[in-house]
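Trainee: Sharing a sequence plus its predicted fold:
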Amino acid sequence: MRLLLDTVTFIWAIGSPERISSKAMRMMQGLQARLELSAISLSEIAIKQALGKLDFSADDVRIGIADLKLRVLPYTADHAYQLFSLPQQHTDPFDRQIIAQALAEDIPVVTSDEKFRLYKGIQVIW
């Protein structure tokens, strides 16, 4: 089963796995789990790191991706087109893009962010 990790889930999986719910962790560690991280999350981490809001280097990201055996999911035009029909229930532009991507790909998202659940058709695991 493909699972798309939200940015904060990725960060917690690397540095604070105890913050991830037991259900989400079971799903992530399942034998059939294929964990993915949006390319949008890489941009979000880089931007927040540059602004001093996050202490997470490019090496931390690369190591985390390798350690968690993640596939980086490219952000495509099809994902961006999904934004045209996405209601304004979440104002964070990074999260909106991840939501659009999850909807376009029909992938569950592993996130603690309750606002994701406001979107019809999205499956949230937490």
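Mentor: Ah, there it is. Predicted model, so just to flag it, every value in this text is computed and none were measured.
Trainee: how about the strands of this structure, start to end?
Mentor: If DSSP state E is used as the criterion, the strands of the chain fall at 2-5, 34-38, 71-73, 109-110, 124-125.
Trainee: which of these sits most buried?
Mentor: Greatest average neighbour count among these goes to strand 109-110 (a mean of 27), per mean count of other CB atoms under 10 Å. Glycine gets a C-beta too; all of them are placed from N, C-alpha and C.
Trainee: Tell me the strands beside that one, with direction?
Mentor: Strand pairing for strand 109-110, determined by DSSP bridges: strand 2-5 (parallel), strand 124-125 (parallel).
Trainee: per-residue confidence for the residue lying closest to residue 89 once chain neighbours are set aside?
Mentor: Sequence neighbours aside, residue 118 is the residue nearest to residue 89 in space, at 4.1 Å (criterion: CB to CB, 6 or more residues apart in numbering). As summarised for this prediction, residue 118 has a pLDDT of 96.
Trainee: Can you say which of the strands paired with strand 109-110 is nearest to residue 57?
Mentor: With CB to CB as the criterion, residue 57 lies closest to strand 2-5 of the strands paired with strand 109-110, at 18.6 Å.
Trainee: how about the helices of this structure, start to end?
Mentor: Along the chain, the segments classed as helices by DSSP state H run 7-15, 22-29, 39-50, 58-67, 77-82, 93-105.
Trainee: For the strands paired with strand 109-110, give me TSV that also has mean pLDDT.
Mentor: Below are those laid out as TSV (pLDDT from 0 to 100):
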stretch	mean pLDDT
strand 2-5	98
strand 124-125	98
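Trainee: possible to save those as CSV with distance to residue 86?
Mentor: CSV is the format used below for the strands paired with strand 109-110 (distance: least, CB to CB, whole Å):
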stretch, distance to residue 86
strand 2-5, 16
strand 124-125, 15
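Trainee: what separates residue 114 from residue 68, distance-wise?
Mentor: 24 Å (CB to CB, to the nearest Å).
Trainee: ugh, typo on my part, it should be residue 17
Mentor: For residue 17 relative to residue 68 (CB to CB), the value is 10 Å.
Trainee: What of residue 42?
Mentor: 14 Å.
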